[in-house]
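# A structural model of the following input is requested.
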Amino acid sequence: MSYENVLFRSFRGIVFISITPFILLTASLWFSSDETAFILAHVSQVYFSILLFFLAGIIWGMRASLIKQQTELLLIAFVPILIATIGGISSFYINPAWGVGFLLLTIYGVRHVKFINNQINKLDQPYVVLIDKISIILCICLMVILTYWLNPYTNPLEIYY
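Coordinates of the predicted model:
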């Protein structure tokens, strides 16, 4: 087994372990009472924002090993911080559905920005495939949270109006 396989396997393991609580939090929204689900929806959004801050830290740390792309990685490192901050502010000042909707649209849309897509495609193919899989999983989880907030039967947003 080569060093690169071990590095990729450990990186993949860290990624999957870190998103597992987010998946469990979003799935538990539909299996808990309305009062508990309200809290779980907020906690899952906060956990997602924490994941974005850690992603920014990982990208920031990659700058030391990739000397040629330091300025590009610096710009890309601020994207998750900006997304998490705007999502949190809009959730706090408007309502959580707007915050989660913003997070969902930007996480989905950022992957289609040409500058960022070019940087991701410079990675090895297993990393690109892993990023695509994780992006899909995170978007599905964000859709589940958004569906909870927009549920017309329980109407959890009535507290904010």
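
# In the chain, where is pLDDT below threshold?
Applying pLDDT under 70 to the chain flags residues 1-4, 63-69.

# Tell me where it has helices.
Along the chain, the stretches classed as helices by DSSP state H are 3-28, 34-62, 70-93, 96-110, 114-121, 125-149.

# mind saving the C-alpha coords of the fifth one as CSV?
Spelled out, that is helix 114-121. Extracted in CSV, the C-alpha atoms of helix 114-121 (Å, rounded to 0.1, in the frame of the first residue of the first chain):
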residue,chain,number,x,y,z
LYS,A,114,-15.2,28.3,-12.9
PHE,A,115,-12.3,29.6,-10.8
ILE,A,116,-13.1,27.2,-7.9
ASN,A,117,-13.9,24.3,-10.2
ASN,A,118,-10.5,24.8,-11.9
GLN,A,119,-8.7,24.6,-8.5
ILE,A,120,-10.6,21.5,-7.5
ASN,A,121,-9.9,19.8,-10.8
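
# so how far is it from its chain's centroid?
Distance, stretch centre to chain centre, for helix 114-121: 17 Å (CA atoms, centre = their mean, to the nearest Å).

# Include distance to Pro156 when you put the helices of the chain into a markdown table, please.
Every residue, glycine included, has its C-beta placed from N, CA and C. Output for the helices of the chain, formatted as a markdown table (distance: least, CB to CB, whole Å):
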| stretch | distance to Pro156 |
| --- | --- |
| helix 3-28 | 14 |
| helix 34-62 | 6 |
| helix 70-93 | 13 |
| helix 96-110 | 8 |
| helix 114-121 | 33 |
| helix 125-149 | 6 |
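
# so of those, which one's packed in deepest?
Highest mean neighbour count among these (mean count of other CB atoms under 10 Å): helix 96-110, with a mean of 19.

# just checking, what packs against that one?
Helix 96-110 is packed against helix 34-62, helix 70-93, helix 125-149, with contacts defined by 3 or more CB pairs under 8 Å, 6 or more residues apart in numbering; DSSP states H and E.

# ok, back up a step: would you mind saying which of the helices of the chain lies nearest Tyr160?
helix 96-110 (7.7 Å; CB to CB).

# now the angle from the closest one to helix 125-149?
160 degrees (axes from the mean of the first three to the mean of the last three CA atoms, to 10 degrees).

# Just give the nearest non-adjacent residue to Val43, would you?
Among residues not flanking Val43 along the chain, Leu25 sits closest, at 6.1 Å (CB to CB, 6 or more residues apart in numbering).

# No further questions, thank you.
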